[in-house]
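*Asks:* With the sequence up front, the predicted model follows.
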Amino acid sequence: MYRVGVEIGGTFTDLVAFGPDGVSIRKVPSVPARPDEGAFAALKASGLEMGGIGEFIHGSTVATNAVLERKGGRLAFVVTEGFRDILLLQRHDRTRIFDLFYKKPEPLAARADTFTVAERIAGDGSVLQALDLEAAAPALKAQLGQGGYDAVAICLLNGFLNPAHELALAAWIAAELPGLRVTCSHRVTGEFREYERATATTMSAFVQPVVDGYLGRIEDGLARAGFTGRCTMMQSNGGRVPFRAIRDNPITALLSGPAAGVTGAVRQAGLSGYKDIITLDIGGTSADVALVRDGKPDWARETKIDGLPIRLPMVDIVTIGAGGGSIVWADDGGMLRVGPESAGAAPGPACYGKGGTRPTLTDAHVLCGRLPQAARLAGSMTLDAAAAAASFQAVARAFGREPVALAEDAARLADGNIVAAIRLVSTERGRDPREFALVPYGGAGPLHAARVADALGIATVVVPPDPGVISAYGLLVADQMLDETRTRRTPLDENAPDAVRQAWTQLQAALVARAADLGLEGEPEFELSLDMRYVGQAYEIDVAVDIQTIDRLDSATLAAGFAAAHRRIYEHGAVKGKAVEIVSFRARLRLPQGVVPALRLADRTAGPSEAIRVFEGEGWVDAVRVGRGALTGGTTLAGPAVVTDTTATTYVPTGWSASADAHDNLILRRPA
């Protein structure tokens with residue numbers, strides 16, 4: 001039986017399949033307005049029989065797009081009496097302190113759609129005021145029943161400590177208003193901080209109708225075509241789960257595509273022995289970077305979507321608007337800018353010949369000779385160099401530059417933006433980027449990688465085979481994964497080890513029960529970590545706990561682990577006399593994928609080398625263009641050079657060299 005991974009990007013939809021005849025890939029244009037059509041187009045292009053597919057694995061930004069475009073369901077929000085304005089008050093920070101017209105992010109539930117119930121759970125989980133449903137029912141039924149709502153989010157004060165009131169309210173709504181989808185905060189996140197928890201709950205409820213309908217269309221379309229296997233989807237944490245789990249809590253899939261890319265890059269680079277890497281995914285609309293140590297990505301507890309905070313375990317990915325379709329423009333101050341606006345899949349860059357007229361990064365690479373005019377994107381799309389040149393005329397005149405020189409400026413500016421993003425996940429996290437290899441993928445990642453590495457002092461770039469489909473490959477190699485988090489503030493004293501063991505027992509039982517409910521099979525592996533801080537600090541740091549030795553865990557070991565983590569981030573560890581506390585306990589269940597096929601180069605045709613000229617720095621230089629298959633025999637190619645393959649083009653600048661290893665990874669190096 002085949003296993004098929006389909007990842008929908010902003011410009012292209014990618015498919016990778018594992019089966020009896022090895023690994024096969026396909027790439028087709030995305031359909032932004034109807035992303036599921038792109039998925040079925042990729043399946044059709046693959047030529048696979050639906051009855052022969054055992055598992056369909058999916059990655060998509062449909063949940064993210066629903067939030068960004070504010071195209072979710074009509075949402076009602078129910079909170080504890082006295083907390084109606086929690087979504088409006090937010091936090092006191094300002095992301096743009098000098099903006100006189102600054103406004104806080106717009107919440108997903110309006111004040112007019114926010115309703116209250118009289119109840120109160122204390123900070124220790126005890127009931128201060130019982131929920132009187134009999135008294136609340138008449139008004140609440142009228143409010144929810146007459147509002148035309150698709151979904152309702154429930155976030156009662158301290159509901160994560162004691163969900164009894166949320167459960168009772170949800171059961172009442174299900175009985176009285178069965179057409180409403182209900183999302184409870186304790187099922188979305190088990191963490192404290194009421195505003196962040198309320199935002200996560202409303203976001204999950206807001207996108208649930210969209211995600212539910214989208215996944216339903218995919219399941220129905222697959223079934224009509226004869227598919228009888230199972231469907232799973234990538235989560236933001238780098239693991240996959242059945243569609244049903246995504247339907248229950250759809251915000252876990254907000255970053256499914258980027259997380260899949262990191263997973264695929266880790267697996268492919270690891271074959272060549274590279275465990276400490278920085279990933280660089282440049283697609284059509286954005287550039288995503290992440291840091292991986294010893295084969296494990298760094299984790300983030302919080303991210304923001306359209307300015308709204310989401311506190312969930314996820315791969316620590318920084319995203320900027322530096323994709324191939326990013327628009328090149330001049331701001332009001334006369335400065336050259338790249339992105340964040342993108343031409344996307346429609347109309348796309350001018351060189352795609354689909355009606356785009358504004359200059360983009362892809363057009364810049366065509367103009368500078370790095371992206372060959374003969375390239376066949378997605379197998380059939382040709383490039384229009386004349387249209388690319390025409391798109392740069394107006395903006396070039398504004399700067400008094402030749403179009404090709406301005407195109408090079410734009411590409412260099414994008415490089416600088418990417419360097420800044422990588423520093424966010426490296427130097428600002430206490431990591432030296434020079435100790436890592438850079439792993440680029442996506443259609444445009446290998447075009448920028450070597451110059452970005454140069455700026456960071458990174459000496460090695462590892463380009464996977466067919467890097468344009470690494471995210472789809474990551475879907476197939478991802479483990480099944482579940483996370484559980486509980487906030488329980490615990491002083492680091494002699495009783496702390498017992499509290500850790502007790503929390504671990506509860507979390508493990510919850511994970512095992514969830515896995516059984518979802519029908520997950522296999523021998524599970526578990527991980528445990530603690531969110532710890534000095535008492536009085538506002539934010540926590542992650543401290544791993546070895547569950548193999550948890551029975552022998554003592555306070556000194558916990559204190560030493562916290563001091564080491566604190567020193568790595570803040571350059572100092574233990575503060576004499578300062579009390580430490582555990583804030584939250586995090587557990588993960590992982591069902592390892594086991595042995596999976598490696599991604600190999602789809603097209604090994606060497607083809608003839610071609611003398612070309614590329615624009616580098618301030619002028620044209622002689623270069624060579626070769627097919628990637630020409631380097632599989634151990635040949636070393638000195639830059640400047642352009643290396644092409646089925647899904648992406650790699651640029652080797654002056655001073656760098658490229659050669660392929662036994663795993664079909666293309667290794668770029670610069671002299672020490």
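*Replies:* Okay, I see it.
*Asks:* For the stretch 251-400 of the chain, give me the ranges with low pLDDT.
*Replies:* Counting by pLDDT under 70, the stretch 251-400 of the chain contains low-confidence ranges at 374-380.
*Asks:* how about the strands of it, start to end?
*Replies:* Assigned by DSSP state E, counting those that start in this stretch, the stretch 251-400 of the chain shows strands spanning 277-282, 287-293, 296-297, 299-305, 308-315, 317-320, 326-330, 336-342.
*Asks:* Make a markdown table from those and add distance to Leu108 and mean neighbour count to it.
*Replies:* Heads up, the C-betas are built off the backbone N, CA and C, glycines and all. Listed next are the strands of the stretch 251-400 of the chain as a markdown table, based on distance: least, CB to CB, whole Å; neighbours: other CB atoms under 10 Å:
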| stretch | distance to Leu108 | mean neighbour count |
| --- | --- | --- |
| strand 277-282 | 27 | 28 |
| strand 287-293 | 24 | 25 |
| strand 296-297 | 28 | 17 |
| strand 299-305 | 10 | 17 |
| strand 308-315 | 7 | 23 |
| strand 317-320 | 20 | 21 |
| strand 326-330 | 27 | 22 |
| strand 336-342 | 21 | 19 |
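*Asks:* now those strands in TSV, with distance to Gly355?
*Replies:* TSV is the format used below for the strands of the stretch 251-400 of the chain (distance: least, CB to CB, whole Å):
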stretch	distance to Gly355
strand 277-282	23
strand 287-293	24
strand 296-297	38
strand 299-305	30
strand 308-315	33
strand 317-320	26
strand 326-330	14
strand 336-342	15
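*Asks:* closest one to Leu88 among these?
*Replies:* Nearest to Leu88 among the strands of the stretch 251-400 of the chain is strand 308-315; the distance by CB to CB comes to 12.4 Å.
*Asks:* quick one, what contacts the nearest residue to Thr303 once chain neighbours are set aside?
*Replies:* Sequence neighbours aside, Ile310 is the residue nearest to Thr303 in space, at 5.5 Å (criterion: CB to CB, 6 or more residues apart in numbering). Each residue near Ile310 by CB atoms under 8 Å, 6 or more residues apart in numbering is listed here: Glu196, Thr199, Ala200, Met203, Ile251, Leu254, Glu302, Thr303, Lys304.
*Asks:* Tell me the one among those residues nearest to Leu589.
*Replies:* Distance to Leu589 across the contacts of Ile310 (CB to CB) is lowest for Ile251, with 19.3 Å.
*Asks:* mind checking which helix or strand the closest residue in space to the closest one that isn't next to it in sequence is in?
*Replies:* Spatial nearest neighbour of Ile251, excluding adjacent residues (CB to CB, 6+ apart): Ser204 at 4.5 Å. If you go by DSSP states H and E, Ser204 is part of helix 194-224.
*Asks:* mind listing the helices for the stretch 51-200 of the chain?
*Replies:* Here the stretch 51-200 of the chain has its helices, by DSSP state H, counting those that start in this stretch, at 62-68, 86-89, 133-145, 164-176, 185-188, 194-224.
*Asks:* following the longest one, which helix or strand shows up next?
*Replies:* In the C-terminal direction, the helix or strand that comes right after helix 194-224 (DSSP H and E) is strand 230-234.
*Asks:* Show me what that following strand pairs with in its sheet, parallel or antiparallel.
*Replies:* Looking at strand 230-234 with DSSP bridges, its partner strands are strand 53-59 (parallel), strand 240-242 (antiparallel).
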